[in-house]
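Peer 1: My questions are about this predicted structure, shown below with the sequence.
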Amino acid sequence: MVPGARLVILGKQGAGKGTQCVRLARHYVVPHISTGDMFRAAVKSRSEFGRKAEEYMRAGELIPDDVVVGVVRERLGQDDTSHRGFILDGYPRTVYQAVQLSVLLSPDDIDLAVDIEVPTEAVLRRLASRRVCVDCGKNYSVDNPPRFDWTCDNCGGEVVQREDDTEAAIMRRLQLYEQATAPLIEWYLEKDRLVAVDGLGHPDHVTQRLIRAIDGRLGPARRHG
């Protein structure tokens with residue numbers, strides 16, 4: 001256990017970040033902060049920000065830094081992250097965002113960035129079979145469907161294939177991710193705050209690898225505040 005840890009989870013779409021973040025948040029008893037959930041809520045509300053975010057998401061483009069930074073700043077200002085730590089899922093995606101995160105957390109910083117490594121071929125297979133609840137965003141797949149007739153086990157919403165999960169859109173997102181994230185991974189590596197973990201195999205095995213890697217790097221429990 002590393003209570004109070006501030007963790008950033010990196011990885012391509014389809015690497016299993018969402019599943020693993022939920023498990024790690026439960027294990028370390030810290031909030032799981034998913035930028036995807038925040039964006040989905042904004043899109044559903046049809047706010048000005050939500051409409052802008054939706055345009056980029058539908059086009060398979062990364063959402064610009066200036067749109068993302070303010071959302072994360074507001075979320076990390078809430079009480080539940082002040083002393084308990086957090087797991088950030090989907091942010092930062094660029095060196096600029098990482099620098100802004102360091103400024104926001106100053107005088108502290110994140111404890112560790114964890115890169116879940118999955119080959120592109122495996123990601124393409126996973127995303128082609130992915131299905132998602134239109135209401136709560138819970139992910140399923142053709143091989144792991146909801147219990148009843150593509151109806152979400154979590155909220156009862158309809159489970160469908162995402163409009164932007166075509167092969168062309170997926171490849172475009174992966175290319176953009178690699179362009180933006182390669183410098184970010186190097187940045188965290190230079191700060192000695194990066195660990196890479198193999199994301200292939202059964203989710204239980206990946207979780208075990210992640211916990212071993214995180215505990216191995218962070219050692220004793222740490223608290224912030």
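Peer 2: Yep, it's here. Numbering: from 1, shown residues only.
Peer 1: ranges for the helices of this structure?
Peer 2: In the chain, the helices defined using DSSP state H lie at 17-28, 35-45, 48-58, 65-76, 79-82, 95-105, 120-128, 167-190, 203-218.
Peer 1: Give me whichever of those is most buried.
Peer 2: Across those, the average number of neighbours (mean count of other Cβ atoms under 10 Å) peaks for helix 17-28, which reaches a mean of 19. No exception for glycine: its C-beta is placed from N, CA and C like everyone else's.
Peer 1: Could you pull up the mean pLDDT of that one?
Peer 2: For helix 17-28, the mean per-residue pLDDT is 92.
Peer 1: Same check on stretch 43-51?
Peer 2: Here the average pLDDT along stretch 43-51 is 75.
Peer 1: where are the low-confidence patches of the protein?
Peer 2: Within the chain, the ranges that satisfy pLDDT under 70 run 1-3, 47, 220-225.
Peer 1: list the contacts for Arg93?
Peer 2: Listed by Cβ atoms under 8 Å, 6 or more residues apart in numbering, the contact set of Arg93 reads 62, 68, 177, 180-181, 184.
Peer 1: ok, those residues vs Asp79, which is closest?
Peer 2: If you rank these by distance to Asp79 using Cβ to Cβ, Val68 comes first, at 21.9 Å.
Peer 1: quick revisit: closest to Pro107 out of the contacts of Arg93?
Peer 2: Nearest to Pro107 out of these is Leu184 (Cβ to Cβ; 21.9 Å).
Peer 1: Not counting its neighbours along the chain, what's nearest that closest one?
Peer 2: Spatially, and ignoring its direct neighbours in sequence, Leu184 is nearest to Val95 (5.3 Å; Cβ to Cβ, 6 or more residues apart in numbering).
Peer 1: same deal with Arg209?
Peer 2: Closest to Arg209 by Cβ to Cβ, 6+ apart is Val197, at 5.1 Å.
Peer 1: ok, that neighbour - contacts?
Peer 2: Neighbours of Val197 in contact, by Cβ under 8 Å, 6+ apart: 114-117, 206, 209-210, 213.
Peer 1: wait, which of those residues is closest to Ala15?
Peer 2: The shortest gap between Ala15 and any of those belongs to Ile116, at 4.6 Å (Cβ to Cβ).
Peer 1: in terms of contact, does the closest one touch Val206 like I think?
Peer 2: Yes - shown here, Ile116 and Val206 form a contact pair, counting by Cβ atoms under 8 Å, at 7.3 Å.
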